[in-house]
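1. From the sequence below, what's the structure:
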Amino acid sequence: MEPVNQGERSVLNFGTIGTVLTGDQHTHPTDDCSRQRFIKLCDNTANEIKLFTEDMITISAVDKIAEQLISGVKWIPITGSPGEGKTTLGYLILKEMKEKGWNVCVLNQPEDYDTVHSFAEGKTLFMLNDVCGPFAYDPFALSTWRQFIINVQERKSHQDTEAYIFIGRENVFREVRRHFGKHEENIFGRWFNLSDQDSFLYNERLYILNMHLDKGKVNVREIDQETVCSHTGPHGFPHCCKMFVELKNRGTDVNIIEFFQNPLEFLGQTIKVLLLEKHTNMFLKEMIINNGKFDVDEVENDDKRGEIRAAERSLFGSYVKLVNGVTVFTHPSIYESVAFGIGRDDPLFIIQHCNIPFILQRMRREDPMSDVCAKGESPNYLRIHVSKKAVLKYLVPKLTRALTKDFRVLQYDICHDETVCKHIFEEFVRTFQGLHSSAEVGFN
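-> A predicted model of the protein is given here:
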């Protein structure tokens, strides 16, 4: 990477750095590892901005939030329902503020904050994206980020030179905000909720739809385009445009109006068909095992790697994308739909490999009194026999670990079973007895 010289200051801006040291300027750390980490953070942020804002226009919401940032607002939570475009909006704001001369960085772990501040000067905008759980409140994730967020809120230095875009689903923010005590109002007080407003104006929607239709060479009647663009749907508009075009290009017979009214239903049906293909099934399971990301190059067996790569290649677009060399799902809703599709046939796989928020939110006890459950089907939940030994073996340790972070885990349906509760508390007692014994040994 070639350094960029801008006078007598260091520059972190959209993935480019440069340092010019003079006698009256403080010296930045010269540790090579820290500098390389800093460069990687810059490059990753630049790549992600390009990926998420490609073919997008700067919507009116960007200007509103940019004005708040310039006026000195430190925290701007961006929230809403699944797929409303929260992450896309976040990256559009990063791009906008970079063009205004700010430093921009996506924080994927708290440690990256100090790395950035070791080298960057001037105003910096950080983005925290789904750090408290991508689709449901994650007590483990919150325990990682809570103290960091409180620390930067209380820190006297950098108060006037940094700001944060905090992105998360509405249900997640409603769960986590109370954990920040006296800082709750400062962090969540300027709530930008995409569910409360039309995040895309009509002309913006029409532009985005036509861009995708033209790119995919898909013809849609003007009256149908106007109908789709005139109503707010239950899922993110740009992502729906992309999914619709890809479905049409795959030969799927789908009506655009029906699709935009319930895109996740079409997505679920499509994934159900994809899972019937052996190698696609294998690849998607690897994605779930690795928490929604996978590097095919890490597969040691040459034949298996070739088969998985072919399956991966067929899913690029609406389902998966390449981010900084690693394949990830294009949206948390894709993760949910894939996990749900796999779980219908193999719920034990989901219990073994999915994170605790998905299990708590999307799994329910099998109820023999329910006709729906008796058929093994439910429109919204995966049904399991929680008292089976194989289920308890993997479920109880996960629930117990979650319980150490938040007792409200017990409010979820999957815990409302006598056998499950008994095993959870037995495991809980054993865990704390072990910790107590270890502490005694250490003390002695």
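
2. how many other residues sit next to Arg37?
-> Close neighbours of Arg37, defined as other C-beta atoms under 10 Å, add up to 17. Glycine gets a C-beta too; all of them are placed from N, C-alpha and C.

3. wait, Lys217
-> Lys217: 9 neighbours (other C-beta under 10 Å).

4. And it, how close does it get to Arg205?
-> With distances taken as C-beta to C-beta, to the nearest Å, Lys217 is found 20 Å from Arg205.

5. List the residues that contact the residue nearest to Glu84 when sequence neighbours are not counted.
-> Closest residue to Glu84 apart from its sequence neighbours, by C-beta to C-beta, 6 or more residues apart in numbering: Leu194 at 4.3 Å. Contact partners of Leu194, counting by C-beta atoms under 8 Å, 6 or more residues apart in numbering, are Ala61, Ile78, Thr79, Gly80, Ser81, Glu84, Gly85, Lys86, Leu89.

6. any weak-confidence spans in the stretch 1-150 of the chain?
-> The stretch 1-150 of the chain contains residues with pLDDT under 70 at 1-30.

7. again, only using 90
-> For the stretch 1-150 of the chain, the stretches flagged by pLDDT under 90 are 1-36, 38, 51-61, 80-86, 88, 117-122, 133-140, 143.

8. Just the strands from it, written as ranges.
-> Under the criterion DSSP state E, counting those that start in this stretch, the stretch 1-150 of the chain contains strands at 11-12, 17-18, 75-79, 103-106, 124-129.

9. would you turn the ones you listed into a markdown table with distance to Phe425 and mean neighbour count?
-> Shown next, in a markdown table, are these (distance: least, C-beta to C-beta, whole Å; neighbours: other C-beta atoms under 10 Å):
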| stretch | distance to Phe425 | mean neighbour count |
| --- | --- | --- |
| strand 11-12 | 50 | 24 |
| strand 17-18 | 53 | 18 |
| strand 75-79 | 35 | 22 |
| strand 103-106 | 40 | 25 |
| strand 124-129 | 35 | 21 |
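
10. Which among the ones you listed is found nearest to Gly341?
-> strand 124-129 (24.9 Å; C-beta to C-beta).

11. separation between Ile359 and Asp406?
-> 14 Å.

12. Those two: which is more packed in?
-> Neighbours were counted for Ile359 and for Asp406 using other C-beta under 10 Å; Ile359 has more, 24 against 17.

13. one step back: out of the contacts of Leu194, name the ones that lie in helices.
-> Ala61, Lys86, Leu89 (DSSP state H).

14. doesn't Ile59 make contact with the last one?
-> Yes - using C-beta atoms under 8 Å, Leu89 is in contact with Ile59, at 7.4 Å.

15. So for these two, which residue has more residues nearby?
-> Leu89 (26 against 20).

16. Let me see the contact set for the more buried one.
-> Ile59, Ala61, Val62, Ile65, Ile78, Leu194, Ser199.

17. would a markdown table of the ones in helices among the contacts of Leu194 with distance to Pro134 be doable?
-> Shown next, in a markdown table, are those (distance: C-beta to C-beta, whole Å):
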| residue | distance to Pro134 |
| --- | --- |
| Ala61 | 21 |
| Lys86 | 11 |
| Leu89 | 16 |
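
18. Can you tell me which of the residues you listed is nearest Arg383?
-> Closest to Arg383, out of all of the ones in helices among the contacts of Leu194 and judged by C-beta to C-beta, is Lys86, at 30.2 Å.

19. Quick check, that closest one in contact with Gly80.
-> Yes - counting by C-beta under 8 Å, Gly80 is a contact partner of Lys86 at 5.5 Å.

20. I'd say Ile208 and Pro238 touch.
-> Yes - Ile208 is within contact range of Pro238, at 5.5 Å (criterion: C-beta under 8 Å).

21. can you list residues touching both of the two?
-> With C-beta under 8 Å, 6+ apart as the test, Ile208 and Pro238 both reach Met56.

22. From Thr53, how far out is Ala46?
-> Ala46 is 11 Å from Thr53, by C-beta to C-beta.

23. Likewise for Arg313?
-> Relative to Thr53, and taking C-beta to C-beta, Arg313 is found at 24 Å.

24. for Val152, same thing?
-> Val152 sits 26 Å away from Thr53, taking C-beta to C-beta as the criterion.

25. contact partners of stretch 309-320?
-> Against stretch 309-320 from outside (C-beta under 8 Å, 6+ apart): 239, 242-243, 246-247, 274, 277, 279-280, 282-284, 287, 294, 296, 322, 327-330, 334.

26. so Tyr164, which of the three states?
-> Recorded secondary structure, Tyr164: strand (DSSP: H, G, I helix; E, B strand; the rest coil).

27. Run a quick neighbour tally on it.
-> So Tyr164, with other C-beta under 10 Å, has 21 neighbours.

28. just checking, it touches Lys74?
-> Yes - taking C-beta under 8 Å as the definition, Tyr164 is a contact partner of Lys74 at 6.5 Å.

29. as a whole number, average confidence for the helix or strand hosting Glu258?
-> Here Glu258, judged by DSSP states H and E, is contained in helix 256-261. Helix 256-261 shows a mean pLDDT of 92.

30. Identify the residues contacting that helix?
-> Outside helix 256-261, the residues touching it (C-beta under 8 Å, 6+ apart) are 220, 224-225, 227-228, 231, 233-234, 240, 243-244, 247, 266.

31. Need the buried ones from the residues you listed selected in PyMOL.
-> Typed into PyMOL, the next command selects the buried ones out of the contacts of helix 256-261 (criterion: 16 or more other C-beta atoms under 10 Å):
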select buried, resi 220+225+228+233+240+243+244+247+266
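
32. List just the nearest of the contacts of helix 256-261 to Ala141.
-> Pro234 (25.3 Å).

33. Report pLDDT for that closest one.
-> Taking Pro234 on its own, its pLDDT is 61.
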